[in-house]
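Student: Build me a model from this:
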Amino acid sequence: MVDFAGVLTDPDADRFYEYLMIARKRGVRTALLSNAPGASEQVKKTMFDYFDALVFSGEVGVAKPDPAVYLIAADRLALPAVHCAFVDDSAANIFGAVEAGMVGVHHRSVGETLAELGVLFPDQ
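Tutor: Predicted coordinates:
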């Protein structure tokens, strides 16, 4: 699971998008989890190229760092939270994901995040 602002808006985000495409081709389920109110149908259509599920706080009525929103995203991926990792640049949001039972990856740079995901998902 990935946050949008601060992660996918990183200046080097094209490397992250490439990683997402490769991960999905190898069977890793991916989700976008954003505190945004929602997105246009065109944006959603584009994002489904990279994500199996899109969760917008404004559409589900709960926001990060509330553990419930991470569980909603995991449910949409048909995965238990303990099988999920969440990437965000906000420490508070990482703590919420960990409280929900996920592995938290604190995004500081695309290179560092991809290295950490490489440890979590070594075949990707």
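Student: what's in contact with the helix ranked longest in the chain?
Tutor: Using DSSP state H, we find that the single longest helix of the chain is helix 13-25. With contact meaning CB atoms under 8 Å, 6 or more residues apart in numbering, helix 13-25 is reached by 2, 7-8, 10, 30, 49-52, 110-111, 113-114, 117, 121, 124. In this view, the C-beta of every residue, glycine as well, is placed from N, C-alpha and C.
Student: Can you show me the helices along this structure?
Tutor: 13-25, 41-47, 57-60, 67-76, 91-99, 110-120.
Student: out of these, which comes closest to residue 35?
Tutor: helix 57-60 (4.4 Å; CB to CB).
Student: Who are the packing partners of the closest one?
Tutor: helix 67-76 (3 or more CB pairs under 8 Å, 6 or more residues apart in numbering; DSSP states H and E).
Student: for the helix it packs on, what is the average pLDDT?
Tutor: Here helix 67-76 scores 98 as its mean pLDDT.
Student: Show me what that helix packs onto, helices and strands only.
Tutor: strand 31-34, strand 53-56, helix 57-60, helix 91-99.
Student: from memory residue 82 sits against residue 101, does it?
Tutor: Yes: in this structure, residue 82 is within contact of residue 101 by CB atoms under 8 Å, at 5.0 Å.
Student: Other residues contacting the helix or strand bottoming out on mean pLDDT in the chain?
Tutor: Counting by mean pLDDT, DSSP states H and E, the chain has its least confident helix or strand at helix 41-47, which shows a mean of 88. By CB under 8 Å, 6+ apart, the surrounding residues in contact with helix 41-47 are 32, 39, 54.
Student: And those, which is closest to residue 92?
Tutor: Among the contacts of helix 41-47, and counting by CB to CB, the member closest to residue 92 is residue 32, at 18.5 Å.
Student: From residue 52, how far out is residue 75?
Tutor: 12 Å (CB to CB, to the nearest Å).
Student: and what of residue 77?
Tutor: Where residue 52 is concerned, residue 77 sits at a distance of 6 Å (CB to CB).
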